[in-house]
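Q: any chance you can model this:
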Amino acid sequence: MSINRHAARRDANEAEIVAALERSGCRVLRLKEVDLLVCRRDELYLIEIKTKTGRVTASQQKLIDDGWPLAVVRSIPEAISAVSSRGPRGTDPRDDDMIRGGR
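A: A predicted model of the protein is given here:
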């Protein structure tokens, strides 16, 4: 379930990205400073959704510069990739299923 904590203007593509993340089994919390806090398999991700030409704000750039793991995404595949299990454990084979709406 996504919760909108404020009535700020949201990017036009946010609703479809949130729906895709939720269909893939993620929990999504809409935030104020950045768009989303996403929980997948007990790991948390900060995601900022931008349209094709959108840019991060000065405060969002400061978060990135300060080392916060903020992923800027513009599409469903980019959002799914941002929450995919990568790194020391390798690629989780279920990640490709997420793009197709599976769990």
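
Q: low-scoring stretches of the protein, by residue?
A: Low-confidence segments of the chain (pLDDT under 70): 1-8, 85-103.

Q: okay, strands next: where are they in it?
A: Per DSSP state E, the chain carries strands over the ranges 27-30, 36-40, 43-49, 70-73.

Q: okay if I get the ones you listed as CSV plus mean neighbour count and distance to E14?
A: To be clear about C-beta, it is placed using only N, CA and C from the backbone, and glycine gets the same treatment. Below are the strands of the chain laid out as CSV (neighbours: other C-beta atoms under 10 Å; distance: least, C-beta to C-beta, whole Å):
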stretch, mean neighbour count, distance to E14
strand 27-30, 18, 8
strand 36-40, 20, 8
strand 43-49, 19, 5
strand 70-73, 19, 10
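
Q: what's the closest of those strands to A20?
A: Nearest to A20, of all the strands of the chain, is strand 27-30, at 10.0 Å by C-beta to C-beta.

Q: contacts for stretch 70-87?
A: 13, 16-17, 20-21, 24, 26, 34, 38, 40-41, 43, 45-52, 54, 56, 60, 63-64, 91-92, 95, 98-99 (C-beta atoms under 8 Å, 6 or more residues apart in numbering).
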